[in-house]
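Undergrad: Fold the following for me, if possible:
(chains A and B)
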Amino acid sequence: MSSTPKHTLDPNKWIDLHSNYMYNYTITRVNNHDVAKDLVQETFFSGLKAMANFKGQASERTWLISILKRKIIDLYRKNNSKKGKAEVRMNFYEDGENKGKWIEERAPSNWAETADAIIENDELKLALVECIDKLPEKYRMVFLLKTVENYETEEICNELGITPSNLWVIIHRARVQLRSCMEGNWFNK
Amino acid sequence: MSKRILIKCNEATSICDKTQYGEASRFDKIRLLLHNFLCHRCKLYSEQNKLMTKIFKVNKEKCTEHKLCTSDKEAMQDALDKEITS
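TA: Numbers count the residues shown, from 1 in each chain, chains lettered A, B, ... in the order given. Okay, the predicted model is just below:
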């Protein structure tokens, strides 16, 4: 018994139907117009080459996005191997009697604004994007995959060849650094 | 193998981060609660961390206004057409 594919591909309509959606998806993850544009274009090319593998089980857009996701991860990985060693400020004493405790000047301070109403502020979003950009590449990549893409821990570990412990150390450092950056750039400016 | 109930600030903040993704164990949550009860800095960190999570979520859903301009789309279409016919 053969099942008929529910979905079909029509590459002639890809730009009209999917380019904006895919660009929007990409720009929020790579934060650079040219890079996002190139990734979308490459996705269409890869889609053309892989058309024979399309089984019609997913929609055309879902299928293209799955290719795009792979390309974004490859980019993260490439960037990571290129730089990735930016300095991360330590926030806790690493030895001595205070080991594991907050370093005095890095400890959280009260924020001037904490009301839920501020979280929809567009300037706050810009401040957040700037702070995410300042993260070391590897931290940024893991943080985005986990927080923005909602990838499972196991999935990220498999993709990047790291252990769950590594992942949580990275997430922790990224979030501590982001919190500290937002404290300086927004909440206590 | 028993885990300590009392933890340091670096462990507490780490558990707090896992909690943001729903991946902290019940025992870890208890350890975090106890630590935060005793440590005002980590309590503050936890409160601010929760707010940060809300900010990430809201802004993730808000990012819908980016579009390619017409010339970018045309260039993309030309390149794709060439690829289709080659």
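Undergrad: Need the three-state assignment for residue A:99.
TA: Under the three-state scheme (DSSP: H, G, I helix; E, B strand; the rest coil), residue A:99 adopts coil.
Undergrad: How many residues are close by it?
TA: The local packing of residue A:99 (other C-beta atoms under 10 Å in any protein chain shown) involves 12 other residues. Where C-beta positions appear, they are placed from N, C-alpha and C, glycine not excepted.
Undergrad: Compute the number of surrounding residues for the nearest residue to it once chain neighbours are set aside.
TA: Distances taken as C-beta to C-beta, 6 or more residues apart in numbering or on different chains put residue A:93 closest to residue A:99, at 5.4 Å, once the chain neighbours are dropped. Around residue A:93 there are 17 other residues, counting by other C-beta under 10 Å.
Undergrad: Thought residue A:104 was touching residue A:93, still the case?
TA: No. Counting by C-beta atoms under 8 Å, residue A:93 stays clear of residue A:104, with 9.5 Å between them.
Undergrad: now the helices: where do they sit in chain A?
TA: With helices called from DSSP state H, chain A shows them at A:14-30, A:33-49, A:60-82, A:122-133, A:137-147, A:153-160, A:164-182.
Undergrad: Of those, flag the one that's most buried.
TA: helix A:137-147 (a mean of 23; mean count of other C-beta atoms under 10 Å in any protein chain shown).
Undergrad: Give me the helices and strands touching it, please.
TA: Other helices and strands packing on helix A:137-147, by 3 or more C-beta pairs under 8 Å, 6 or more residues apart in numbering or on different chains; DSSP states H and E, are helix A:60-82, helix A:122-133, helix A:153-160, helix A:164-182.
Undergrad: run the last query once more with 10 Å
TA: helix A:14-30, helix A:60-82, helix A:122-133, helix A:153-160, helix A:164-182, helix B:9-20, helix B:40-62 (3 or more C-beta pairs under 10 Å, 6 or more residues apart in numbering or on different chains; DSSP states H and E).
Undergrad: centroid residue for chain B?
TA: Centroid check for chain B by C-alpha atoms, centre = their mean gives residue B:53 as the closest residue, at 5.8 Å.
Undergrad: From residue A:102, how far out is whatever residue of chain B ends up closest to chain A?
TA: For chain B, the residue closest to chain A is residue B:8, as judged by C-beta to the nearest C-beta, at 2.8 Å. As judged by C-beta to C-beta, to the nearest Å, residue B:8 and residue A:102 stand 10 Å apart.
Undergrad: and if you look at residue B:41?
TA: Distance, residue B:41 to residue A:102, by C-beta to C-beta: 5 Å.
Undergrad: between those two, what contacts are shared?
TA: Contact criterion C-beta atoms under 10 Å, 6 or more residues apart in numbering or on different chains; residues shared by residue B:41 and residue A:102: A:108, B:9, B:13.
Undergrad: thought the second one was touching residue A:98?
TA: Yes. The pair residue B:9 / residue A:98 is scored as a contact, 9.4 Å apart, by C-beta atoms under 10 Å.
Undergrad: so residue B:45 touches residue B:39, yeah?
TA: Yes. Residue B:45 is within contact range of residue B:39, at 8.8 Å (criterion: C-beta under 10 Å).
Undergrad: Identify the contacts common to those two.
TA: Going by C-beta under 10 Å, 6+ apart, residues that sit against residue B:45 and also against residue B:39 are A:102, B:9, B:12, B:13.
Undergrad: sec struct for residue B:79, please.
TA: Recorded secondary structure, residue B:79: helix (three-state DSSP).
Undergrad: What about it, how many residues nearby?
TA: 14.
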